[in-house]
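[1] Need coordinates for the following:
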Amino acid sequence: MRSEEEVKDCTLLGNQGVKYPTDYAPELLETFINKHPDNEYVVTFNCPEFTSLCPITGQPDFARIIISYIPRERMVESKSLKLYLFSFRNHGDFHEDCVNVIMKDLVRLMDPRYIEVIGLFTPRGGISIYPFANYGDDEHQEMARSRRMQAFENYNMVK
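    Down below sits the predicted model:
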């Protein structure tokens, strides 16, 4: 069981009065302490109902966002992540920008060893867009390069 001190920064989890944001809100992101910083392990979030707006037409864009990271000292709390991702609902940005903003916000929040964010956007005008952004600390630079190369190969397999 976690102590109150360990979860003091998690104000959204269990809070019944939480309101869903209507605008991009990175300040919603919260963290908790990683109890296993000596282990390198992967945490993956699958967010199949991501929406944002086209910055030109204002039409909605839909995507599955996959976030995977190797934590260091802090980890993102999942309810805060859900609310943060929901805050893109009325945010007008290109697919590539959304994926990079999400990655950079999470890097600033947690300082992970490694993180990647993939956006599998549904087709518009007959074209699907699958942006991939990743970051690796000094020890994970080769992994970051390798995963980017794999993204080129994997996207040819996505249906």
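
[2] A helix includes Cys98, no?
    Yes. Judged by DSSP: H, G, I helix; E, B strand; the rest coil, Cys98 forms part of a helix.

[3] For it, which residues are in contact?
    The contact partners of Cys98, by C-beta atoms under 8 Å, 6 or more residues apart in numbering, come to Phe50, Ser52, Ala63, Phe88, His91, Gly119, Pro131. Using the backbone N, CA and C atoms, a C-beta is placed for each residue, glycine as well.

[4] which regions of the chain sit below the pLDDT cut-off?
    The model of the chain has pLDDT under 70 over residues 11, 14-15, 155-159.

[5] now the helices for it?
    78-86, 95-110, 141-155 (DSSP state H).

[6] For the ones you listed, could you give me JSON lines that also reports distance to Pro71?
    Below are the helices of the chain laid out as JSON lines (distance: least, C-beta to C-beta, whole Å):
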{"stretch": "helix 78-86", "distance to Pro71": "13"}
{"stretch": "helix 95-110", "distance to Pro71": "7"}
{"stretch": "helix 141-155", "distance to Pro71": "15"}
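
[7] show me the contacts for Lys82.
    With C-beta under 8 Å, 6+ apart, Lys82 has these contacts: Cys47.

[8] and the two most separated of the contacts of Cys98?
    The largest separation in the contacts of Cys98, counting by C-beta to C-beta, is between His91 and Pro131 at 15.1 Å.
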